[in-house]
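# Sequence below, structure please.
(2 chains)
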Amino acid sequence: MRRNAAIELYRCLLMFGIVLMHCVSQGPIVRIVPYRFLMACVTGFVFISGYYGIKCTSFKIVHILATTFLCSAIGLFSCRIFGWGSGQPHIWQYFISGNWYVWAYLVLMAIAPIIDRAVESDKQHRWAIPLLVAVFGWNFLAGMPVIGGLLPHPVGFGSHTF
Amino acid sequence: MLVVFIWAWLAGIGHTKEFVFPVEGFATESPLTLIGIYMAARWFRVSGLECKMSSKAFAGIFVLGLPFASIGVANYNSPFAFVMAMSLFVLFKRHMKCGTWSLAVAPSLFSIYMLHSTFAGQRLFIMAEDWLMSNRIPVYSMYLLVAAAVFASCFILDTCRRGCWYLCRKATTPKEVN
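Below is the predicted model of the structure:
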């Protein structure tokens, strides 16, 4: 599929916004107002995924996991070379617990076909979508410990903590 | 729908979320928060709302949302953030004319995200901030410069990675014999 240059520009700006958001949140003083404003950049990324839909393929999953692992390795390797910080986690611990967005995206990728079918199927049940939006906005970790415990993010967090 | 979104609005505002059930609900960070945004975006496309509304309406929503977003967004799935992202997306899609250079940067975006969020990326932020602070550059200009520097360095690193990957593939792919 041919990509739209304007949408790619929007994605580039969103990514710059995310980098800026993390930059603003570093250091002793967190600038709350720009930080909150820039949070919409993450929403923008997921919005694009939702608008165009996500296709779950094995190649895509492998590509995401391989890129994540490689980038985590590069990050930790540069820290070791330059002697930045101490007591950093093992590569596997960091791979599992340090990338919440990747795990969230993979969960989303798995559920996306079901959501697509539900939204596009019939107009009779479309009223339920905002309700489902609210339900899935719920923090499952706090609200439903059993389901929350099955998610990779808390598992990784647990493995890192203990 | 209206009730759900009013509830979500209140839950999305930092100061009112404690009065809205559930306390750790719509506004709390969770991997599954993305599902709500995805579903809403899908609904936005299917509902045909995009065709019914003019660009002026979307621009108005964006401009009106600016002050609310800066004070009211408590998390990624805040309706303020969603409305902002949605209106800006439609405006870009309809009116933005741009060269193909963005297509060259786009494949590196995921790697840029991954690289800048590592310990090394965080260290780069701190080092660059220290250096710029010692040169007395205004705070927000400093943030912009640091973010641009980190973005560019991650892009260069990922371009090298992609170049290596391309060369490896080229070397291992058997040549066609006529």
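# and stretch A:70-86 with chain B, contact?
Yes - Stretch A:70-86 comes into contact with chain B (CB under 8 Å from any CB of the partner chain), by way of A:Leu70, A:Cys71, A:Ser72, A:Ile74, A:Gly75, A:Leu76, A:Ser78, A:Cys79, A:Phe82, A:Trp84, A:Gly85. Glycine gets a C-beta too; all of them are placed from N, C-alpha and C.
# so which of the residues you listed would you say is closest to chain B?
Each of those was checked against chain B using CB to the nearest CB; the closest is A:Gly75, at 2.4 Å.
# Tally up the residues packed near the closest one, please.
Using other CB atoms under 10 Å in any protein chain shown, A:Gly75 is surrounded by 24 other residues.
# again with the one 4 residues further on
By the other CB under 10 Å criterion, the neighbourhood of A:Cys79 contains 19 residues.
# For B:Arg162, give me its contacts.
Neighbour list for B:Arg162: B:Pro107, B:Ser108 [criterion: CB atoms under 8 Å, 6 or more residues apart in numbering or on different chains].
# returning to that earlier point: filter the residues of stretch A:70-86 next to chain B down to the ones in helices?
A:Leu70, A:Cys71, A:Ser72, A:Ile74, A:Gly75, A:Leu76, A:Ser78, A:Cys79, A:Phe82 (DSSP state H).
# For A:Arg117, see how far away the closest residue to the fourth one other than its chain neighbours is.
Think A:Ile74. Spatially, and ignoring its direct neighbours in sequence, A:Ile74 is nearest to B:Leu115 (6.6 Å; CB to CB, 6 or more residues apart in numbering or on different chains). Computed as CB to CB, to the nearest Å, the B:Leu115 to A:Arg117 distance reads 35 Å.
# swap in B:Pro107?
29 Å.
# Could you check which of these two is surrounded by more residues?
The neighbour comparison of B:Pro107 against A:Arg117 (other CB under 10 Å) goes to B:Pro107, with 13 against 9.
# residue contacts, that one?
Applying CB under 8 Å, 6+ apart, the residues contacting B:Pro107 are B:Arg162.
# which residues touch the residue nearest to A:Ile74?
B:Leu115 sits next to A:Cys71, A:Ile74, A:Gly75, B:Gly121, B:Cys154, B:Leu157, B:Asp158 when contact means CB under 8 Å, 6+ apart.
# And the residues you listed, which is closest to A:Arg31?
Set against A:Arg31, the nearest of the contacts of B:Leu115 by CB to CB is B:Gly121 (18.7 Å).
# How about that closest one: what's its closest non-neighbour residue?
B:Leu115 (5.7 Å).
# Within the helices and strands, which one has the one you found?
Element membership of B:Leu115 [criterion: DSSP states H and E] is helix B:109-116.
# now that helix, how far from the centre of its chain.
12 Å (CA atoms, centre = their mean, to the nearest Å).
# State the next helix or strand along the chain beyond it.
Sequence-wise, the next helix or strand downstream of helix B:109-116 (DSSP H and E) is helix B:119-134.
# how far is the following helix or strand past that next one from where the chain is centred?
Beyond helix B:119-134 on the C-terminal side, the first helix or strand identified by DSSP H and E is helix B:139-172. Per CA atoms, centre = their mean, the displacement of helix B:139-172 from the mean C-alpha position of its chain is 18 Å.
# Report the mean confidence score over helix B:139-172.
The average pLDDT within helix B:139-172 is 86.
# and that helix, which residues are buried?
When neighbours are counted by 16 or more other CB atoms under 10 Å in any protein chain shown, the buried residues of helix B:139-172 are found to be B:142-143, B:145-147, B:149-151, B:153-155, B:157-158, B:161.
# filter these by proximity to chain A?
Answer for these near chain A (CB under 8 Å from any CB): B:Tyr143, B:Val146, B:Ala147, B:Val150, B:Phe151, B:Cys154, B:Leu157, B:Arg161.
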